[in-house]
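Student: Curious how this folds, go ahead:
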Amino acid sequence: MFNTNIQVTGPVLRVISTIAVVGTLAMAATASAHMRTISRGELADLDRQETTSFQEYYEHPDLGSFEFTGIYLEHVSNQVRSADIYDMDLRPERVDRLMEDFHALLRNELEASGLLRDEPGPRTLVISNAVIEIGEYHEFSTGTHLARTASANRVRGGAIIEMVWRAGPGGDVLLALRDSRGPSLYEEVSDHDDTLTDARHAFQAFAVQLAGFFSSAD
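Tutor: Have a look, this model is predicted:
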């Protein structure tokens, strides 16, 4: 898995990046994907890494030189197109609540690091996350007497997420990535009665992975 560690030396956090292959893509990844939450101009100064299974991954060429005293996690931005929300017969309010749930998952996973800050400052690593697309879970059966439909009659969902790291509020972009994830057709369903169950599963997996990006010394 991709792993970026913030290592602690006294009160200072230094970003050190290492890249490995990620094997947990679930929604279709395409080579023609384009990040929606950051401009091409901001990406121009970053190096695009090809040795990763993220749809897109960009990194500042001098990432290791930046030092921070903590992390500020911005609220998750809902970037799902309105037309897509209504096409799924969802109300925007439900998707907004989904973003709040995702943010809570991210905070919960990062709490143990001791790096979270309530307010951003010039020496704070600011992390923003946005949900670009969500896919619903559906199952189809040939009769109501069946307890659960066969895996072959399931349509699995998931989510496409973008993440951007900045050096302080409005500072230089240090890292940007786009990734899609969700379960395979035959994986266990978390909640058969929730069409967004696979999207929630994707958010949990992403939150765990984000927490794994950081380590701190005792």
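
Student: pLDDT below threshold where in the chain?
Tutor: Residue ranges of the chain with pLDDT under 70: 1-33, 141-152, 215-218.

Student: what's the longest strand in it?
Tutor: Longest strand in the chain by number of residues (criterion: DSSP state E): strand 124-135.

Student: Surely E42 is within a helix?
Tutor: Yes - looking at E42 with DSSP: H, G, I helix; E, B strand; the rest coil, it is inside a helix.

Student: For this protein, just list every one of the strands.
Tutor: Under DSSP E, the chain gives strands at 3-9, 12-18, 47-48, 56-59, 67-68, 70-73, 77-78, 124-135, 138-139, 154-155, 158-167, 173-181.

Student: Which of those strands sits closest to L110?
Tutor: Of all the strands of the chain, it is strand 70-73 that lies closest to L110, at 6.5 Å by C-beta to C-beta. Where you see a C-beta, it was placed from the backbone N, CA and C, and this is true even at glycine.

Student: what bridges to A176?
Tutor: Y58, V164 (DSSP bridges).

Student: which ones are touching it?
Tutor: A176 makes contact with 35, 38, 42-43, 46, 56-58, 162-165, according to C-beta atoms under 8 Å, 6 or more residues apart in numbering.

Student: 6 Å - rerun?
Tutor: A176 is in contact with 38, 58, 164, counting by C-beta atoms under 6 Å, 6 or more residues apart in numbering.

Student: Now do the buried residues in the top helix by length along the chain.
Tutor: In the chain, with assignment by DSSP state H, the single longest helix is helix 92-111. For helix 92-111, burial by neighbour count (16 or more other C-beta atoms under 10 Å) applies to 95, 98-99, 101-103, 105-106, 109-110.
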